[in-house]
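> need a structure here:
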Amino acid sequence: MNAPNPADEPHRFLEYLYDTAVRRAMPLHNTAAFLPPPPRGRTVVLGAGKAGGAMAQAVEALWPADAPLEGLVVTRYHHVPPRPEGVKQSIEIVEAAHPVPDAAGLAAAQRILALAHGMTKDDLVLCLISGGGSALLTLPAEGLTLEDKQRINRALLASGANIAEMNCVRKHLSRIKGGRLAAACAPARVVTLTISDVPGDDPSIIASGPTVPDASSCADAIAILQRYGIEVPGAIMSLLEQGALETPKPDDEVFAGHQVHLIATPQQSLEAAAQAAHAAGLEAHILSDEMEGESREVGKVHAALARAVANRGQPFRAPCVILSGGETTVTIKKHPEGVQAGRGESSEARPGRGGRAGEFCLGLAQALQGQPGVWALAADTDGIDGVEDNAGALVAPETLWRAQALGMKADQYLDRNDSYTYFRQLDDLVVTGPTYTNVNDFRAILVLP
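Numbering: from 1, shown residues only. Next up, the predicted model:
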């Protein structure tokens, strides 16, 4: 596909960069080099994550036709890609809820843990792990119910905690995360193939690291719960205080001989987008693949940088593309009564709609204040921004005045975390459907002279 002309079709060009970044992270393009040879015994595939369906299909397509293969992978609802023709299905793929776990995820985790037991040293367990696995692979610690985990998950998601903090808590409240799945596979050899969706690409954080050792502690989990005012049952807090819910640590012999391979990362996708921009005649600057913080505030920082480039030619010269990735957060505010809603929206008190990418774009647009020559796109590479049906949103120099013409004020929509409604009424949502991979946030800002 040829790149659209950035000057003539800025938004189409930004969507082209996003598509390029997503293609770079597709499992079928990245798996072959990391597959181990078939063992003398069984090969059992276990996995969880938003890319789980595509990862399982990639293994099926690439595994030697004469070598036995079996297993079970859980992915998000509607995230199983169309099955390629001529490829035998050897791995069962089931679906469950994300980001709040449900009974289907609990059942899948129980089955996966059961499949891990009974292995021999001649067997191979191939674990396919990607972002979203923390919610999809839910198996509460003894004394916790699914309802407890759902409540705690919702509280974590609304708290503003970063992904490392959330997953530290999840690991210590689980019977399968934080290395426990790998421990259950002993004495089989475990090879983990993972697609990173976390800043720093730490495998122990991706999907709460079910097959890798965990350096965090029960004390760390307690500190996070207290920091964000998240309640857990008293009996569980007592177990945490006693260290009874501790995870397997890096020096545990259960991990001897295990391998972990990162088959796709946010940085690789950003680099692919940068190469596409270069091919279109633009300089491309990757700020970082590890950006964290409140989405709207990260948007304001990006806006300040874009304005400096547009107005002063510093620190970069236009025309150029500014790229970044990572995982920002949205702290959900209580929606006060009486806030005036935009056209077609009820003004009754209610929480807004929208995810990290939309809130970033709304914060960015507000801070840009119609800056000429600046266009932007922010989207989640899994195609789903939070729990909505869009991947993200688009920003243009005319975004604010178009919204104002419809009676919409950016600050009011930010106050109630309602970026989805704001950009939907402007017809500026990015809607892709599930992409079947996930290397987290993708942001691209185009600055033209």
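
> please report phi then psi for the closest residue to Pro248 other than its chain neighbours.
Nearest residue to Pro248, sequence neighbours excluded (CB to CB, 6 or more residues apart in numbering): Gly179, at 4.0 Å. Backbone N, C-alpha and C define where each C-beta goes, glycine included. Phi and psi for Gly179, reported as degrees, to the nearest 10, are phi 90, psi -10.

> my guess is Gly179 meets Pro250, correct?
No - taking contacts as CB atoms under 8 Å, Gly179 lies outside contact range of Pro250: 9.1 Å.

> now do the shared contacts for those two.
Taking CB atoms under 8 Å, 6 or more residues apart in numbering as the criterion, Gly179 and Pro250 both touch Pro213.

> which one of those two has more residues nearby?
Gly179 (25 against 11; other CB atoms under 10 Å).

> that one and Ala108: what is the separation?
According to CB to CB, to the nearest Å, Gly179 and Ala108 sit 19 Å apart.

> Ala274 now?
From Ala274 to Ala108 the distance is 37 Å (CB to CB).

> before we move on, what about Asp428?
Remark: distance between Asp428 and Ala108 (CB to CB) = 36 Å.

> quick one: which of these two has more around it?
Ala108 (26 against 22).

> that one belongs to a helix?
Yes - assigned with DSSP: H, G, I helix; E, B strand; the rest coil, Ala108 falls within a helix.

> now it: how far from Ile206?
The spacing between Ala108 and Ile206, counted by CB to CB, is 18 Å.

> likewise Ser238?
According to CB to CB, Ser238 and Ile206 sit 30 Å apart.

> which of those two has more residues huddled nearby?
When Ser238 and Ile206 are compared on other CB under 10 Å, the one with more neighbours turns out to be Ile206, at 28 against 12.

> OK, contacts around the more buried one?
Counted by CB under 8 Å, 6+ apart, Ile206 has contacts Ile129, Ser130, Gly131, Gly133, Thr194, Ile195, Ser196, Asp197, Val198.

> right, and the second one touches Tyr436 too?
No - Ser130 is not in contact with Tyr436 according to CB under 8 Å; the separation is 9.8 Å.

> and those two? which has more neighbours close in?
The neighbour comparison of Ser130 against Tyr436 (other CB under 10 Å) goes to Ser130, with 33 against 26.

> and the more buried one, what are its bridge partners?
Here Ser130 sits in beta bridges with Ile195, going by DSSP bridges.

> separation between it and Val198?
Per CB to CB, Ser130 is found 11 Å from Val198.

> same deal with Thr437?
Distance of Thr437 to Val198, computed by CB to CB: 14 Å.

> between the two, who's got more neighbours?
Set side by side, Thr437 and Val198 show more neighbours around Thr437, with 31 against 25, by other CB under 10 Å.

> surely the more buried one is in contact with Val22?
Yes - between Thr437 and Val22 there is a contact under CB under 8 Å: 6.4 Å.

> between these two, what contacts are shared?
Common neighbours of Thr437 and Val22, counting by CB under 8 Å, 6+ apart, are Thr381.

> out of the contacts of Ile206, who's nearest Thr331?
Nearest to Thr331 out of the contacts of Ile206 is Val198 (CB to CB; 19.0 Å).

> in the top helix by length along the chain, what's buried?
Taking DSSP state H as the assignment, the helix of the chain that covers the most residues is helix 295-312. The neighbour-count check on helix 295-312 (16 or more other CB atoms under 10 Å) flags 295-296, 298-303, 305-307, 309-310 as buried.

> stretch 80-95 too?
The neighbour-count check on stretch 80-95 (16+ other CB under 10 Å) flags Val80, Pro81, Ser90, Ile91, Ile93, Val94, Glu95 as buried.

> for the record, mean pLDDT for that stretch?
Across stretch 80-95, pLDDT averages out at 91.

> can you give me the buried ones in stretch 136-155?
136-141, 143-144, 148-150, 152-153, 155.

> and those, which two are furthest apart?
Maximum pairwise distance among the buried residues of stretch 136-155 (CB to CB): 21.9 Å, between Leu136 and Gly143.

> which residues sit against the host helix or strand of Leu262?
Here Leu262 sits within strand 259-264, counting by DSSP states H and E. Residues from elsewhere that reach strand 259-264 (CB under 8 Å, 6+ apart): 24-27, 30-31, 34, 36, 190-196, 201, 203, 211-212, 437, 439.

> weed out the non-buried ones from these.
If we count by 16+ other CB under 10 Å, the contacts of strand 259-264 have these buried: 24-27, 30-31, 34, 190-196, 201, 203, 211-212, 437, 439.

> report the two of the buried residues of stretch 80-95 separated the most.
Ser90 and Glu95, at 18.0 Å, using CB to CB across the buried residues of stretch 80-95.

> now do the strands in the stretch 151-300 of the chain.
In the stretch 151-300 of the chain, the strands defined using DSSP state E, counting those that start in this stretch lie at 189-195, 259-264, 283-286.

> now these in JSON lines, with distance to Ala54 and mean pLDDT?
Listed next are the strands of the stretch 151-300 of the chain as JSON lines, based on distance: least, CB to CB, whole Å; pLDDT from 0 to 100:
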{"stretch": "strand 189-195", "distance to Ala54": "9", "mean pLDDT": "98"}
{"stretch": "strand 259-264", "distance to Ala54": "11", "mean pLDDT": "98"}
{"stretch": "strand 283-286", "distance to Ala54": "25", "mean pLDDT": "98"}
